[in-house]
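[1] Just a sequence and a predicted model for now, questions to come.
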There are 2 protein chains.
Amino acid sequence: MKVDICFSPALYPYYADNNTARIVIVVDIFRATTTMCAALKNGAKSIIPVASIEEAQAYKEKGFPVGAERNVKRCDFADFGNSPFDYTPEKVAEKDIVFTTTNGTQAIEAANDAHALVIGAFSNISAVVDFCVAAQKDVLVLCAGWNNRFNIEDTLYAGAVAKRLLDKGYTYVSDAVEVALAMWKDATPDLRHYISHTEHIKRLVANNLQDSVEYCLTEDTVYLVPVYDKGTKKITIT
Amino acid sequence: MKVDICFSPALYPYYADNNTARIVIVVDIFRATTTMCAALKNGAKSIIPVASIEEAQAYKEKGFPVGAERNVKRCDFADFGNSPFDYTPEKVAEKDIVFTTTNGTQAIEAANDAHALVIGAFSNISAVVDFCVAAQKDVLVLCAGWNNRFNIEDTLYAGAVAKRLLDKGYTYVSDAVEVALAMWKDATPDLRHYISHTEHIKRLVANNLQDSVEYCLTEDTVYLVPVYDKGTKKITIT
């Protein structure tokens, strides 16, 4: 079994050797995929990811609760922004939540040809790794990045997943994995310090939205694997 | 002045904030841009980069000497492959050389909206950095990568350029620069060893084409700045 890493949704076509037989883990640490895990943990029935604001508004008019973020800020019309703390049990239990974010939901759309498309975050890293190992499939970690640009936090998560899969007998050939593993090794003595140099932290701090950073970097606060269903276009827990 | 780094031609549109006022350095260490510098050093009048095999063949029929490579190997119809050692003074002096490679020439096509598009390699790194500093323009290093995938060797070069520009007063904000600088710092104690783990070295060794690796990693064997002219579609020395 092999693991590979793709740094941007825009590069996904070039990492598409084996997609239909492969598990793709979509990650957007700050904060979309961490938030999806939190919402599902808190009882949401499903997440309906949509790529555009227009689609999200159309759902809102039909009565769906909507999470919508662009450039780290909550969209005016939305019920929730992109913080995991917005999605409390009182607000989300038993509901189908429509969700659109700057990067995370676009990545899901890019990778919907995968054998299985799962949602990864530090918060559910053990659950996702266990799922991959049990399935005995090749794995690609697809970093959502920022507007298709490379980012550090998603790459660190990808390195953390790769390290765990290698420990379980997976192999790799790609330069992207080599670098993500080296970054993860450099970062682990003090992940918060390493992350403090990133573009996204500066963006969150500038908008006073850094309250969830610690949560987004904490491993295994939930044990669940959100899976995207191509037919229903919903994300639910397996 | 700012420096940024783009890991793939396919990501160039997402790093395009300021292209028309910016110098773009295209790099394909193994081996296209190193080879272009060698050919120009050895007296070639110009390099005419073309993206497709068909265009190269059309030039060949018109009598032009042609360098053409795909997947590290020389194309059958071509006069030269992609090794800098192919382009000797006897073969290239005073000639316009048509050139197409798997990655490097595509990168040039992607970035032809730049204020100035220059060809970078370790072999001419001081000349290119001096050119940028003299121009006092923002700089983007565009890594050719491998079939639009991230690669280590071009990123290391980008880190080396960024380090030199920061030493001259440039600044950066991007995560890509942060990572490339860290990689360059890790690699410099033993660049050959660091590079020995890359995909491309394995590819060159598998095809017995590793003879030019040492040359491709050596700094400042030439002092020239190849510049692409949008009008003539030729690369010449400034």
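    Nice, thanks for sending it over.

[2] Tell me the helices and strands packed up against the helix or strand where A:Thr34 lies.
    Assigned by DSSP states H and E, A:Thr34 belongs to helix A:32-41. Judged by 3 or more C-beta pairs under 8 Å, 6 or more residues apart in numbering or on different chains; DSSP states H and E, helix A:32-41 is in contact with strand A:46-49, strand A:66-70, strand A:96-100, helix A:104-110, strand A:116-120, strand A:226-229, strand A:234-237. For glycine as for every other residue, the C-beta is placed from the backbone atoms N, C-alpha and C.

[3] Name the residues that touch it?
    A:26-28, A:47, A:49, A:67, A:69, A:82-87, A:92, A:97, A:99, A:101, A:103-105, A:119-124, A:144, A:212, A:215-216, A:222, A:224, A:226, A:235-237 (C-beta atoms under 8 Å, 6 or more residues apart in numbering or on different chains).

[4] Go again with 6 Å.
    For helix A:32-41, contacts defined as C-beta atoms under 6 Å, 6 or more residues apart in numbering or on different chains pick out A:27, A:47, A:82, A:84, A:87, A:92, A:97, A:101, A:104, A:119, A:121, A:123-124, A:216, A:222, A:226, A:237.

[5] One more: stretch A:140-150?
    Residues outside stretch A:140-150 that contact it (C-beta under 6 Å, 6+ apart) are A:4-10, A:22, A:24-28, A:103-104, A:107, A:111, A:151, A:154-155, A:158, A:161, B:7, B:14, B:175-176.

[6] Select from those every entry located in strands.
    A:Asp4, A:Ile5, A:Cys6, A:Arg22, A:Val24, A:Ile25, A:Val26, A:Val27 (DSSP state E).

[7] Redo those residues as JSON lines? Include pLDDT.
    Shown next, in JSON lines, are the ones in strands among the contacts of stretch A:140-150 (pLDDT from 0 to 100):
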{"residue": "A:Asp4", "pLDDT": "97"}
{"residue": "A:Ile5", "pLDDT": "98"}
{"residue": "A:Cys6", "pLDDT": "98"}
{"residue": "A:Arg22", "pLDDT": "95"}
{"residue": "A:Val24", "pLDDT": "97"}
{"residue": "A:Ile25", "pLDDT": "98"}
{"residue": "A:Val26", "pLDDT": "97"}
{"residue": "A:Val27", "pLDDT": "98"}
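
[8] Select, out of the helices and strands packed on helix A:32-41, the one closest to A:Thr198.
    Within the helices and strands packed on helix A:32-41, the stretch nearest A:Thr198 is helix A:104-110; the backing value is 16.5 Å (C-beta to C-beta).

[9] gap between the most centrally placed residue in chain A and chain B?
    Taking C-alpha atoms, centre = their mean, the centroid of chain A lies closest to A:Val27, which sits 2.7 Å from it. Going from A:Val27 to chain B by C-beta to the nearest C-beta, to the nearest Å gives 15 Å.

[10] what sits against that residue?
    A:Thr33, A:Gly120, A:Cys143, A:Asp154, A:Tyr157.

[11] if we can go back for a sec, relative to strand A:96-100, how tilted is the helix holding A:Thr34?
    170 degrees (axes from the mean of the first three to the mean of the last three C-alpha atoms, to 10 degrees).
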